[in-house]
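Novice: Structural data only, the sequence is not supplied:
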Ligand SMILES: Nc1ncnc2c1ncn2[C@@H]1O[C@H](COP(=O)(O)OP(=O)(O)OP(=O)(O)O)[C@@H](O)[C@H]1O
């Protein structure tokens, strides 16, 4: 999308100054010239044919039609045919295609045709399923779509009005407002700002927020810096403060779009990738070595040559879980839409549903999760702990002016509670003149307002409120009984002790301080906040969330450890935990964790339930350490200080009311910040993952058993144990039956523990059950030998093939029934999809060799004696399977 308007009605001439430039498609001439940073704001706005009052609706509409929506090209929906072609790139499909080509090369047309049918069927099913899933995910995402605050005018004469617009409707020249927690919606140049810092980790990898401010380049420099402080880029987000800015690039022209074109920047491995892809790649290696092994063994022991190649290929194909991508997509999409329908939980990325089921540690913030985030001022006290309304008055002056002077004030429940209580006691903060404000900064944990007291024109008063430790660290004096005295170490300790006792009583405490400075014209910064005078505390109470206690119990029962990572005082957080029945154990503060990272940090956090006084970076560091130590980590948060942690977690979860950027970055959006909904989401995740795991276990152990048996039979028999076409047809029926797993309902027992597919344990499982399956097959060979000996003679390949075909499908049906984790007949009233698929498979297994299709596939019916003996083998196999499953289950518990 081009980013530069060419004509506007306002320009009168129909040409803007940029028409004289050479505008290359898809490139932004402003960036080519490095101009947005170097021009003065006025020059830039003239060039973009806009003004500080913003565009008119008509101008904006024209630009939108001309240059398209503000959407990163890589995020546009993928069409059905492209999806189909994309599914050919799946590793299983690639291996199948290679095997198909080899078969064609040796003129084994039957094998090649069946393989092609397999490839097409699995690609159609997969791309159709993905298309369907992505359409319903897009519809779900719409519900949490991001908007921006844009200043526009109805027409030239009207005054500007700020309104919320979907981000994709922004055009170059629009004037936007940015506030804490907003996503920077396009590349913008700041016109005004107040205490603005932005996270630009998505672009530069830098984890600390970077200060941004308006400056009128080039006169005062800064334009030459690699990261000009007056430009903010799409993909970054506002950490604190606010600003007003003009849009200079949208869509494909933004820096973010350019960075996104680099595929290396896109990939981060999730828990889903780790488990499913780990298993897939192990299998692919197996598949690739199978054909050469079969060829070599047959050549060495039977003296067969290349004529065994189609059979060797069919054996390798037999190992492939072709339906894996289809079943994964179907199971996850089904789970995600059910979750949205029943619980209002929106899963924005399908694999996140699997990761939800695998979560074994959930990190939360405290406010709004354990507590209701509706604080009420309980009292305000001086440094001696005596009631003092003056402290509340100064706190209200701070709240009022930090909100009033913000370009776009971020809603803050603490400030609202303070203003409400101060209003009740008759305080009017507007009596003071607001000069400047440094809005609440979560990493410094304080907010500052600079005001002028009535009649004191030569003096500015700095009013600061925030966390006790951070305020006391900046105070040199305190007010006692109306007089200011020095603040010594002993007094400081006493005040910290007082704050700790209040916190242990469940109160949230804000310290308030003040300083007088000679009036000046220049701006204020955090370096001015030294030598303050401590005034006292405002104590607020926040009620507990009624449902939180029960939800915490449920999570514990499901094997999910909960960690509270909060910016608040350790005492307040520990008290909230205790009141909700969660043992806080050892309570840590982030500064005690020092610079620990990786496993030592995970171990320290593993012993604790609460880590208090966390900054945004501390939260992210802890989440990353837990992940590194092999835990699947979820993070629930809704504020700006939760953003890096949401990003670092396997699953980032936020409520719909969270700040925009949290909603944008989270994988899962809840209707409300409610732990009960997370519990339901985790259950849904385990449901879907349970089905995927059951499919993988069953299909792979039975495929492996078949392959071992075929290899053994190939060496024992004078003829091929199955013809390639028979192997592939049997594989096709089995695959089709497996689709039922996408719709199965796992048993309650399967939902009790995190659903993780650990590749090693998994491979052990399939080896054990695969060997059992092979044993049943080999027993069948013996039975076939006996039965055929009495009738047609052991050397009748067509009867042998038919007998083994029937046994294979019957054992596969048994495995589906006995190894599934789904609900047993006693738990469901109607027959589930797996029961129906099992019945169909068994019927086909018995009837197909007897039907007219049998001879087409080179099969002829074995004698009745065979069926009687087969029944005995199957009974024994069923007993062995049930016993092995029981043993496996008891080892797991
Ligand atoms: N508007 C504000 N003005 C001044 N100080 C504030 C304000 N809001 C919070 N604080 C101080 O900063 C501390 C940390 O706040 P932060 O928002 O990071 O965490 P929180 O909301 O208390 O907890 P959580 O992270 O669990 O939601 C608070 O304990 C309080 O002391």
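Specialist: Yes, it's here. Note that the coordinates shown come from a computational prediction; the quantities given were computed from them, not determined experimentally.

Novice: quick one: low-confidence parts of the stretch 151-300 of the chain?
Specialist: Along the stretch 151-300 of the chain, the parts satisfying pLDDT under 70 run over 202-207, 217-227, 258-271, 273-276.

Novice: all strands of it, in order?
Specialist: 161-166, 175-179, 187-199, 210-211, 231-232, 237-249 (DSSP state E, counting those that start in this stretch).

Novice: any residue of the second one up close to the ligand?
Specialist: No: contact check for strand 175-179 against the ligand, using C-beta under 6 Å from any ligand atom: none in range, with a minimum separation of 13.6 Å. C-beta here means a position set from N, CA and C on the backbone, and glycine is covered the same way.

Novice: Distance to residue 845 and mean neighbour count added to the strands of the stretch 151-300 of the chain, as CSV?
Specialist: Formatted as CSV, the strands of the stretch 151-300 of the chain follow (distance: least, C-beta to C-beta, whole Å; neighbours: other C-beta atoms under 10 Å):
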stretch, distance to residue 845, mean neighbour count
strand 161-166, 55, 13
strand 175-179, 65, 24
strand 187-199, 59, 23
strand 210-211, 66, 16
strand 231-232, 65, 26
strand 237-249, 58, 26
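
Novice: could those go into CSV alongside distance to residue 329?
Specialist: Shown next, in CSV, are the strands of the stretch 151-300 of the chain (distance: least, C-beta to C-beta, whole Å):
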stretch, distance to residue 329
strand 161-166, 28
strand 175-179, 37
strand 187-199, 33
strand 210-211, 39
strand 231-232, 37
strand 237-249, 31
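
Novice: Out of the ones you listed, which is closest to residue 744?
Specialist: Nearest of the strands of the stretch 151-300 of the chain to residue 744, taken as C-beta to C-beta: strand 161-166 at 38.9 Å.

Novice: Which strands and helices lie in contact with that closest one?
Specialist: Other helices and strands packing on strand 161-166, by 3 or more C-beta pairs under 8 Å, 6 or more residues apart in numbering; DSSP states H and E, are strand 147-152.

Novice: Tell me the strands beside the strand it packs on, with direction?
Specialist: Here strand 147-152 has these sheet partners by DSSP bridges: strand 161-166 (antiparallel), strand 175-179 (antiparallel).

Novice: Which of these sits closest to residue 232?
Specialist: Across these, closest to residue 232 is strand 175-179 (C-beta to C-beta), at 7.3 Å.

Novice: Can you list phi and psi of residue 507 for me?
Specialist: Taking degrees, to the nearest 10, you get phi -90, psi 150 for the backbone angles of residue 507.

Novice: what about the closest residue to it other than its chain neighbours, neighbour count?
Specialist: Spatial nearest neighbour of residue 507, chain neighbours left out: residue 539 (4.5 Å); criterion: C-beta to C-beta, 6 or more residues apart in numbering. Using other C-beta atoms under 10 Å, residue 539 has 20 neighbouring residues.

Novice: Can you say which helix or strand has residue 539 in it?
Specialist: strand 532-541 (DSSP states H and E).

Novice: Show me what that strand packs onto, helices and strands only.
Specialist: strand 376-382, helix 389-404, helix 413-424, strand 459-466, helix 468-472, strand 475-480, helix 489-504, strand 507-518.

Novice: got the buried residues for the last one?
Specialist: In other words, strand 507-518. 507, 508, 509, 510, 511, 512, 513, 514, 515 (16 or more other C-beta atoms under 10 Å).

Novice: Take those and write them to TSV, including distance to residue 863 and pLDDT.
Specialist: Converted to TSV, those look like this (distance: C-beta to C-beta, whole Å; pLDDT from 0 to 100):
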residue	distance to residue 863	pLDDT
507	86	93
508	84	93
509	88	94
510	89	96
511	92	97
512	96	97
513	98	97
514	102	96
515	102	96
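
Novice: near the ligand, from the residues you listed?
Specialist: residue 510.

Novice: List the contacts of the spatially closest residue to residue 195 that is not a sequence neighbour.
Specialist: Residue nearest to residue 195 in three dimensions, not counting chain neighbours: residue 241, with 3.3 Å by C-beta to C-beta, 6+ apart. Neighbouring residues of residue 241 by C-beta atoms under 8 Å, 6 or more residues apart in numbering: 180, 193, 194, 195, 196, 197, 406, 438, 439, 441.

Novice: The nearest residue to the first one once chain neighbours are set aside: neighbour count?
Specialist: It stands for residue 180. In this structure, residue 180 finds its nearest non-sequential neighbour in residue 410, 3.8 Å apart by C-beta to C-beta, 6+ apart. When neighbours are counted by other C-beta under 10 Å, residue 410 registers 21.

Novice: Am I right that residue 410 is in contact with residue 179?
Specialist: Yes: contact criterion C-beta atoms under 8 Å: residue 410 and residue 179 qualify, at 5.1 Å.

Novice: list residues touching both of those two?
Specialist: Common neighbours of residue 410 and residue 179 (C-beta under 8 Å, 6+ apart) are residue 242.

Novice: any idea of the pLDDT on residue 664?
Specialist: Looking at residue 664, its pLDDT is 78.

Novice: Then the one 10 residues further on?
Specialist: The predicted local distance difference test score for residue 674 is 80.

Novice: my guess is residue 531 contacts residue 476, does it?
Specialist: Yes: between residue 531 and residue 476 there is a contact under C-beta under 8 Å: 4.5 Å.

Novice: and the strand or helix carrying residue 889, which residues are buried?
Specialist: Assigned by DSSP H and E, residue 889 belongs to helix 864-892. Residues of helix 864-892 classed as buried: 866, 869, 870, 873, 874, 877, 878, 881, 884 (neighbour count, 16+ other C-beta under 10 Å).

Novice: List, one by one, the residues from the stretch 401-550 of the chain near the ligand.
Specialist: For the stretch 401-550 of the chain, the residues in contact with the ligand (C-beta under 6 Å from any ligand atom) are 412, 414, 415, 440, 442, 445, 446, 447, 465, 466, 467, 510.

Novice: In a markdown table: these, plus distance to residue 704.
Specialist: Output for these, formatted as a markdown table (distance: C-beta to C-beta, whole Å):
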| residue | distance to residue 704 |
| --- | --- |
| 412 | 59 |
| 414 | 60 |
| 415 | 63 |
| 440 | 59 |
| 442 | 53 |
| 445 | 58 |
| 446 | 62 |
| 447 | 63 |
| 465 | 66 |
| 466 | 62 |
| 467 | 59 |
| 510 | 64 |
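
Novice: tell me which of the residues you listed is nearest to residue 378?
Specialist: residue 510 (11.6 Å).

Novice: Tell me who's in contact with the closest one.
Specialist: Contacts of residue 510 (C-beta under 8 Å, 6+ apart): 395, 414, 418, 465, 466, 467, 537, 538, 540.

Novice: go on, residue 876?
Specialist: Taking C-beta under 8 Å, 6+ apart as the criterion, residue 876 is in contact with 776, 779.

Novice: Can you spell out which helices and strands pack onto the helix or strand following the strand holding residue 539?
Specialist: Per DSSP H and E, strand 532-541 leads on to helix 548-557 as the next helix or strand towards the C-terminus. Contacts defined by 3+ C-beta pairs under 8 Å, 6+ apart place helix 548-557 against strand 561-565, helix 675-716.
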